[in-house]
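Participant: need the 3D shape of this:
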Amino acid sequence: MRAAIYARYSSENQRPESIEDQIGACRRLAAERGFTVLENHIYADQAKSGARRDRLGLSALLASGRNAQFDVLLVDDLSRIARDNYLMLSVLTELHFEGIRIVSVADGLDSNEEESTLGIQIRGIFNELQLRDLKKKTLRGQIGQKQRGFSVGEGTYGYRSVPVGTIRMDKKGRPRPDGYKMEIELREATIVLRVFKAYADGLSLTRIVRMLNEEGVPGRIRSSKGWSPATVSRLLNNEKYIGRWAWNRTESRRDPRSGCRRRLEKPQSEWISHEDESLRIVPQDLWEKVRARRQEVRRCWPGGKGRRGFSKEQGSREKFFPTHLLSGTMVCGKCGAAIAQVSGKAGGYYGCLGAARGTCENKTLVRRRLAENVILEAVQKQLSAPDHVGYVLKRVEEEVGRLYSHVPETIHLREIELGAEKRRLANFLDFIGEGRGSRALAQALKETESRVEVLGQELDGLRRGRDKVFHAPPPEWIEERLTRVKDLLERRTERSALLLRRLLGQIRLEPTKGDIGRPYYIARTAIDALALMAPPSELESQEGGSNVLRWWRRRESNPRPRTCRKGHLRA
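Facilitator: Predicted structure coming up:
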C-alpha cells in the first residue's frame, strides 16, 4: 500500500528535530506492516497550532488525498492532525470518504478496525482537553506575572519592552529574565503626540496618513503600504497613551464555519487594569479634545456599532467635511435654519432650507460664487491692513519656532540611532577581520552602511535647519501674496472652509430689499456686514436655470395655498 506521512509540532520553543522523530516512527511502522512510504508525500507543518486548519502541510495532504495519490496516512499520534476534536473528526471523515486508511503509531489506532471508532473519539476528546488545560495554565501564568507588576504581551506603538530582574539561562541556554516592563520609546512617542495634535487641530485621518507616508515616518511593522486610516484610528482610541493599561479585555475564538479567528470582548470583571503616569504620552487636555472631536465626527455618519440605518443622534456631515468654502457656516436671519445650496446650475445658489420645507417665507437666493467672492474680498481687505500684516508676521515667526521646536530632540534621537548603527558596523568589521565572514554578513554590512549614510545625511539637514534664522519678508511681498488668498483657499476646500469658520464665526444672512427694490442678503460676520447682491442685469437676463431654481422663482412670484389630497386648504 502507498503510504503518506504527516508530522507537526506546534510551538517555536519545541525542537525542529521533532519532525524527524515523528517521521522516523512512522517509517518503522510502515516497514513492519509492509507499507511503501512515498518520499514525495511526506508532509510537515512547523510551529503551527493543532487548532488551525489553514496549515500548508495539511492542505497539501488533503489535496493529494482527494486525487487518490496514496492509500494510507501514517501519523505519530492523532493530536498531530488536530487538537481540536471537531477539526480532527472533520479531517478524518474527509480522508475516510476518499477511501484513505489512517494509522496512528503512538495511539495504536487503525481506522480499518471496527473498534477504532470509539478509540478515535476518546483520543480526540482527550487531545482537546489537553489543549484547553494548556490554555488555562498559560493564562494562569500570565495573570501571575501581571500581579507581580510585569507586562505580558502588551506591545504597543510608542513603548518598548525591557527585561527586569534576575536573568537566568533556560534548558536550551537562552536568557530568561524574571519579567518584562514597558517603557516609553522616545522616537515613536514623538510621532504619537504629533498624530494626536494634528487630529485635534482639525486634520482628517486620511490627511494624517498621507502626511506620515509622504514623510516616510516608519511604523512598528515594516510594510510597503505604510500607514493606514485604520492604524491611525486605533492609535487615537488607545487609552495606554494616557497611562491607563487594561489587560485580558479580549479573547480570540476560531469560527468553526470559516476557520477565521475573531476577537471578542470579555466581561469587565475579568479585566486587569492599572494606571501608571510614568507611561503617559498624551496630556489629559489633548486626550479630551481628541475624544470630543472623535465623538462629533462619528455623529456625521449613519448608524454605528450595533445599529442599522440612521442614528437619531446623527449630526451634519457638512460640519466636519464641507464641500464648499461656506458650507455649513451660514444661517437664515429670519428663521435660523441653515442656508445651503438649493440649486446646482452654474455653480449653484444658496437658499434657506426652512423655505424649501415650507416653514419660512425667505425665498431669496444668492449665487454661491458671488457669496464666496464678496466674503473672501472682505477677508483679504481685513488681512491687508498694515497692523494685520504685522500680526501675520508675528504668527509666522511663532509657527516657524513651533515647527522647529522638535528639532533638538529629533537630533538627539538620530544621534543615538547613528551611534548604534556605527557600533553595529564596527562589530561586523571585527567579525570579517577575524575571518568569520559570510554571504549573510556581507548583506547585513551593506544594509548597515546604507543606514549610516542616510542617518548622517538626515542629521546634517536637521543641524542646518536648527541654525536657520527666520527673516521676515517685506510687507509688500506679503500684500502681493494676500491678493491671491482666494486661489490659495480653493486648493484645499475642506481645510480652508474649517479655517474660515474659525475666522468669521457664524454667518447670518438677513434678507432685505433696501432702496433698489430687489431682494438681497446682508451677511453679518465677525469682521463686517456685507451686501450679497448681483448686478440687476445678471439675474434678469437669465431665462433658464435649474428646475429647482425655476420652481423657487415661481413660488416666490406666485405663492399658492397648499392643499391635501382631498383638496382642502392646509395651514
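
Participant: what about Gly43, is that helix, strand or coil?
Facilitator: In this structure residue 43 is Tyr, not Gly. With DSSP: H, G, I helix; E, B strand; the rest coil as the basis, Tyr43 sits in strand.

Participant: mind listing the residues bridging to it?
Facilitator: Beta-bridge pairing of Tyr43 under DSSP bridges involves Tyr6.

Participant: now do the same contact list for it.
Facilitator: Residues near Tyr43 by CB atoms under 8 Å, 6 or more residues apart in numbering: Ala4, Ile5, Tyr6, Ala7, Gly57, Leu58, Ala60, Leu61. Where you see a C-beta, it was placed from the backbone N, CA and C, and this is true even at glycine.

Participant: wait, the second one sits on Leu74?
Facilitator: Yes: counting by CB atoms under 8 Å, Leu74 is a contact partner of Ile5 at 5.0 Å.

Participant: give me the domain ranges for this structure.
Facilitator: Following automatic domain parsing, the chain resolves into domains at 2-136, 180-298, 319-381+489-557, 387-479.

Participant: out of those, which is closest to Gly149?
Facilitator: domain 180-298 (7.4 Å; CB to CB).

Participant: quick one: which helix or strand includes Lys137?
Facilitator: In this structure, Lys137 sits in helix 116-147 according to DSSP states H and E.

Participant: and what of Ile281?
Facilitator: According to DSSP H and E, Ile281 maps onto no helix or strand at all.

Participant: can you count the residues close to it?
Facilitator: 23 (other CB atoms under 10 Å).

Participant: equivalent analysis for Gln443, please.
Facilitator: The burial count for Gln443: 10, using other CB under 10 Å.

Participant: which one of the contacts of Tyr43 sits in the busiest neighbourhood?
Facilitator: Among the contacts of Tyr43, the one with the most neighbours (other CB under 10 Å) is Ile5, at 28 neighbours.

Participant: before we move on, the earlier item: please pull up the helix or strand immediately following the helix holding Lys137.
Facilitator: Next along the chain after helix 116-147, taking DSSP H and E as the criterion, comes strand 159-164.

Participant: picking up where we left off before, can I get the contacts of Tyr43 in TSV with pLDDT?
Facilitator: TSV is the format used below for the contacts of Tyr43 (pLDDT from 0 to 100):
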residue	pLDDT
Ala4	92
Ile5	92
Tyr6	92
Ala7	90
Gly57	88
Leu58	89
Ala60	90
Leu61	90
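
Participant: shared neighbours of Ile5 and Leu74, anything?
Facilitator: Common neighbours of Ile5 and Leu74 (CB under 8 Å, 6+ apart) are Cys26, Val37.

Participant: pretty sure Tyr521 sits in a helix.
Facilitator: No: note on Tyr521: no helix contains this position according to three-state DSSP, which reports strand.

Participant: so it sits against Ile507, correct?
Facilitator: No: taking contacts as CB under 8 Å, Tyr521 lies outside contact range of Ile507: 9.7 Å.

Participant: show me which of those two is the more surrounded one.
Facilitator: Between Tyr521 and Ile507, counted using other CB under 10 Å, the more crowded position is Tyr521 (27 against 22).

Participant: can you give me the strands for the stretch 401-550 of the chain?
Facilitator: All strands of the stretch 401-550 of the chain, identified by DSSP state E, counting those that start in this stretch, fall at 507-512, 520-524, 529-532.
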